[in-house]
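> Requesting a structural model of the entry that follows:
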Amino acid sequence: MWEALANRVGAELGIENLARDPRFATIQVRREHQKDMWEILGQFALHHTKREAMQILNGIDVPCGPIMSTEDLFDDEHVNGRQMMVELDHPQRGKWWNVGMPIKLSASPAKIDRSPLLGEHTDEILAQVLGYDAARITGLKASGAFSAPPKKG
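Just a heads-up that it's a prediction; the model follows:
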């Protein structure tokens, strides 16, 4: 991969025989001079968008992909086409967007829910999972078993 990458980058930046530069000729010496190598690759990257660089590098069999920011994800045609962003409504946070499920299975669709509030499902778990009756749950609550610890500072 290095030879193809170095030839493409070198040609664009006007660096002759980058692949044969003694600082980069083998993987061992590339590691020793990786700061210089990353500087050159960075100069190449400055001339291209993420998608352009990805197309160029994939075209010469250098596997890569873009590092996507949150804004990139919201604007991405593929992400939107797959309906991977879902709007959630949270009682404390309000409405907001979150990444949904990228894998779509027709027989088992994923449902993306908001995160629960602290203690929101305590009664349900005590009753349905542990089998506690209403009187026991009320007693535990009265004893302070489920109260939040005092905040420090």
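
> would Trp97 count as being in a strand?
Yes. The assignment for Trp97 (DSSP: H, G, I helix; E, B strand; the rest coil) places it in a strand.

> give me the element the residue nearest the centre of the chain is part of.
Taking C-alpha atoms, centre = their mean, the centroid of the chain lies closest to Met68, which sits 7.7 Å from it. Using DSSP states H and E, Met68 falls within no helix or strand.

> Just the pLDDT for it.
Listed pLDDT for Met68 reads 87.

> pretty sure it contacts Asp75?
No. Here Met68 lies out of contact with Asp75, judged by C-beta atoms under 8 Å, at a distance of 9.5 Å. All C-beta spots, glycine's among them, are computed from the backbone N, C-alpha and C.

> For Val62, give me its contacts.
Contact criterion C-beta atoms under 8 Å, 6 or more residues apart in numbering gives Met1, Ala4, Leu5 as the residues in contact with Val62.

> closest to Phe44 among those residues?
Within the contacts of Val62, the smallest distance to Phe44 is 9.0 Å, found for Leu5 (C-beta to C-beta).

> For Ile112, see how far away Leu105 is.
14 Å (C-beta to C-beta, to the nearest Å).
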